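> next one to model:
(one chain, ligands or ions: 1)
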Amino acid sequence: MDHAEQKHLEQEIQKESALLKTVIDTVPIRIFWKDLESRYLGANKLFAEDANLQDVDQLIGKNDYDMPWKNEADLYRKMDKDIIDTGIAELNIEEPLTDKEGKHKWVSKFKVPLIDKNGKTFGILGAYMDITHKKENEKNLKLQRDALEHQAYHDTLTGLPNRLLFLDRLNQYIHKAHRNKQKVAVLFIDMDRFKEINDSLGHVFGDEAIKEVAQRIEGQIRETDTIGRFGGDEFIMIFNDISDPIVVVNIVQKIMQSMHDPIMIGGHSIYVTLSIGISIYPEDAETADDLLKNADAAMYRAKEDGRNTYKFYTEDMTQKVFERIALESKLRQSIKDENFMLYFQPQINGKDNRIMGIETLIRWEDGHKNFISPATFIPVAEETGLIIPLGQWILRSGMQQIVKWHADGLYPGRLAINISMLQLQKHDFISILEMLLEETGCQPQWLEIEVTESQIMKNPEQMILILQKINKLGISLSIDDFGTGYSSLSYLKRFPIDTLKIDQSFVKDLSDNEEDKAITKAVIALAESLNLRVIAEGVETEEQKSFLVSNGCINIQGYLYAKPMPADEMEKMLRGSL
Ligand SMILES: Nc1nc2c(ncn2[C@@H]2O[C@@H]3COP(=O)(O)O[C@H]4[C@@H](O)[C@H](n5cnc6c(=O)[nH]c(N)nc65)O[C@@H]4COP(=O)(O)O[C@H]3[C@H]2O)c(=O)[nH]1
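Model prediction:
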């Protein structure tokens, strides 16, 4: 090639590279290329501007940590590495980018590996466009959509779910309750004499009153409850997953109490009361419409009954709930007054009729010579938490009694005391036991704690830990009502127990029920194999006793020997057996 040709070729190359640079600098996207270490090898002008550099050459050798977007450098570098390692391009990436003014932007980017003619990757080529506007539009659209959706499902005045959403939720809760065999309560709440407020003070004040009532109701309910407004002065509520209608009444009472203070609107103080109707799934109805209809009907009866009250759909339920509430308040008072007695029932050796131990059973007289059964009030004490103070009274009184008998030179054997799960689960149960032992001077070996099988099997792992602590104190443990729950053998082996107590439901029909005979024999065999003591309760006849004794259950408790009796009678019996 002569000199002229050489010069011409150089001019052509220069022209082409100038054209290429013009193209790269004109195209309205940012272009850059990097080496294998993510260092910039070059870029177009727009990119240099983003990087806050006058000249593209200033970029060479720098990396993303030197750029305005250093916060995103880790992210970019990771992707560079992936592309270099895999040789696979990344297209349509949406990424954040901090611009030279420190603003957050969004870019749509692609990155491809740069490959030489031998097929070796020597770097990365990337390009991106600013899509911040597009992103912002999308976000605004979503906000608008959400707002529209909220409007479609919510009441504009209070922001509460409207009929559409409420019914949807109610249907969901009904399905769930059906699957899990739970109850759902639906409440219809109507503001009493709302029309008078509206007529005398006008709609604006009426609306304010509705808003305030909604807020006060919302302040009383759990997160899992739903409150809605169908319009006017009517609110509706759902309580799902309720164990007992009494739970609803507790919340209803709180809601009604929250209306005690007047609502202050425009210098007026308005007193609002509510009439509330309650229907329960599945007892009162099985569909959302029918539950609402029935709650509405109950609400009208609350109005007829003088307003400012609540009614269940069935009169029967209202009655039951009122009785329960009366019982709860009497129980509370009696616990304050320590108005209970302990009765004692001996546990007898069926072979030689000697007293082996005694079970203590609580008695409560309502002040009119009527005894209320512990089977009725113990569950109420458990639900209300009153079992904690009551249980402590039982423990203390039982310990005092056994100490007295020992001091009098009597031999009562071990005193079995029933303990409820709630007591066991209290974090300070063990320290209370220790405190009472110390206070009363009771020896731990004089005591046996009875826990029902169904209660301990609810949370066996937790129970093992608690029972071990009781056992360590030297107090024996007995599983009450054995055979009615679902004990697994592996747990039974791990519980530090001494005694299994065969439930009286099996003993009752021992004479003619083959199944009960078989279960009783199985429990006795189980106790034997685990080296546990076994006792039968509810033994009323000689026939039941001889079956039990001949099959290896020597310890007998029941009316056959003695009914539960007051301490002085028990003492006479103890003296008689001396
Ligand atoms: N039909 C029949 N019944 C007999 C016979 N022998 C005893 N009973 C009764 O059977 C129940 C046995 O008590 P439980 O299974 O622990 O069942 C107890 C226990 O779960 C609870 N309870 C009683 N006292 C206490 C207590 O001090 N604390 C706790 N947490 N629960 C207690 O209340 C339940 C009922 O207690 P009670 O009414 O005293 O009823 C007692 C007792 O009076 C018999 O031969 N025939």
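> which bits of the stretch 401-550 of the chain sit near the ligand?
When proximity is defined by CB under 6 Å from any ligand atom, the stretch 401-550 of the chain lies next to the ligand at N418, I419, S420, D480, D481, Q504, E537, G538, V539, E540. Yep, even glycine has a C-beta here, placed from its N, CA and C like the rest.
> what strand or helix carries the closest residue to L274 other than its chain neighbours?
Once flanking residues are discounted, L274 sits nearest to I189: 5.4 Å by CB to CB, 6 or more residues apart in numbering. Assessed by DSSP states H and E, I189 sits inside strand 183-191.
> helices or strands up against the next helix or strand after that strand?
Per DSSP H and E, the first helix or strand lying C-terminal to strand 183-191 is helix 194-201. Using 3 or more CB pairs under 8 Å, 6 or more residues apart in numbering; DSSP states H and E as the contact criterion, the neighbours of helix 194-201 among helices and strands are helix 203-218, strand 268-270.
> quick one, helix 194-201 and helix 203-218 angle?
In this structure, helix 194-201 runs at an angle of 140 degrees to helix 203-218, with axes from the mean of the first three to the mean of the last three CA atoms, to 10 degrees as the basis.
> which residues does the closest residue to the ligand within the stretch 151-300 of the chain contact?
Among all residues of the stretch 151-300 of the chain, D244 sits closest to the ligand, at 18.0 Å; criterion: CB to the nearest ligand atom. In this structure, D244 makes contact with E383, judged by CB atoms under 8 Å, 6 or more residues apart in numbering.
> Throw the helices and strands packed on helix 194-201 into JSON lines and include distance to R533, mean neighbour count and mean pLDDT, thanks.
As requested, the helices and strands packed on helix 194-201 are arranged in JSON lines below (distance: least, CB to CB, whole Å; neighbours: other CB atoms under 10 Å; pLDDT from 0 to 100):
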{"stretch": "helix 203-218", "distance to R533": "55", "mean neighbour count": "18", "mean pLDDT": "94"}
{"stretch": "strand 268-270", "distance to R533": "68", "mean neighbour count": "14", "mean pLDDT": "88"}
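> ok so, going back, what pLDDT does the residue nearest to L274 get?
On pLDDT, I189 comes in at 97.
> burial of it, as a residue count?
I189 is flanked by 25 other residues according to other CB atoms under 10 Å.
> list the contacts for it?
Taking CB under 8 Å, 6+ apart, we find I189 in contact with I217, E234, F235, I236, M237, I255, L274, S275, I276, M299.
> could you give the average pLDDT over the helix or strand hosting A295?
Remark: A295 resides in helix 288-304, with elements defined by DSSP H and E. Averaged over helix 288-304, pLDDT sits at 94.
> my guess is E286 contacts A177, does it?
No: under the criterion of CB atoms under 8 Å, E286 lies out of contact with A177, with a separation of 10.0 Å.
> between these two, who's got more neighbours?
Taking E286 and A177 together and counting by other CB under 10 Å, A177 has the greater number of neighbours (17 against 11).
> the more buried one belongs to a strand?
No: counting by DSSP: H, G, I helix; E, B strand; the rest coil, A177 is not part of a strand but helix.
> which residues touch the nearest residue to it once chain neighbours are set aside?
Sequence neighbours aside, V184 is the residue nearest to A177 in space, at 4.8 Å (criterion: CB to CB, 6+ apart). Contacts for V184 were tallied using CB under 8 Å, 6+ apart; they are L170, Y173, I174, A177, I238, F239, N240, D241, I242, I280, Y281, L291.
> what stretches of the stretch 401-550 of the chain score poorly on pLDDT?
Applying pLDDT under 70 to the stretch 401-550 of the chain flags the ranges 487.
> is whichever residue of it sits closest to the ligand in a bridge, and if so with what?
Across the stretch 401-550 of the chain, no residue is closer to the ligand than N418, which sits at 3.5 Å (CB to the nearest ligand atom). In this entry, N418 is beta-bridged to E450, by DSSP bridges.
> tell me who's in contact with it.
N418 sits next to E359, T360, L361, I362, I394, E450, D480 when contact means CB under 8 Å, 6+ apart.
> can you rerun that using 10 Å?
Residues counted as contacts of N418 (CB atoms under 10 Å, 6 or more residues apart in numbering) are 359-362, 374, 378, 391, 394, 398, 449-452, 478, 480.
> now for the helix or strand that contains L433, which elements pack on it?
Of the helices and strands defined by DSSP H and E, L433 is found in helix 429-440. Packing contacts for helix 429-440, counted by 3 or more CB pairs under 10 Å, 6 or more residues apart in numbering; DSSP states H and E, involve helix 387-407, helix 421-425, strand 447-452, helix 460-473.
> if we can go back for a sec, ok, of the contacts of N418, which come out buried?
With neighbours counted by 16 or more other CB atoms under 10 Å, the contacts of N418 contain buried members at 359-362, 374, 378, 391, 394, 398, 449-452, 478, 480.
> who in the protein is up against the ligand?
Applying CB under 6 Å from any ligand atom, one finds that the chain approaches the ligand through 345, 361-362, 373-375, 378, 394, 418-420, 480-481, 504, 537-540, 558-559, 564.
> check contacts around the closest residue to the ligand within the stretch 1-150 of the chain.
Residue nearest to the ligand within the stretch 1-150 of the chain: H150 (50.1 Å; CB to the nearest ligand atom). If a contact means CB under 10 Å, 6+ apart, then H150 has T156, G159, L165 as its contacts.
> redo the residues you listed as JSON lines? Include distance to E10 and neighbour count.
What follows is those, written out as JSON lines (distance: CB to CB, whole Å; neighbours: other CB atoms under 10 Å):
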{"residue": "T156", "distance to E10": "77", "neighbour count": "10"}
{"residue": "G159", "distance to E10": "76", "neighbour count": "13"}
{"residue": "L165", "distance to E10": "77", "neighbour count": "17"}
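> confidence score at the residue nearest to A177?
Predicted confidence (pLDDT) for V184: 96.
> most neighbours of all the residues of the stretch 401-550 of the chain next to the ligand, which one?
Counting by other CB under 10 Å, V539 has the largest number of neighbours within those, with 28 neighbours.
> next one, pLDDT for the one residue sitting closest to the centre of the chain please.
Among the residues of the chain, the smallest C-alpha distance to the mean C-alpha position (CA atoms, centre = their mean) belongs to T224, namely 9.4 Å. If you check T224, the pLDDT there is 88.
> let me know the secondary structure of it.
Counting by three-state DSSP, the backbone at T224 sits in coil.
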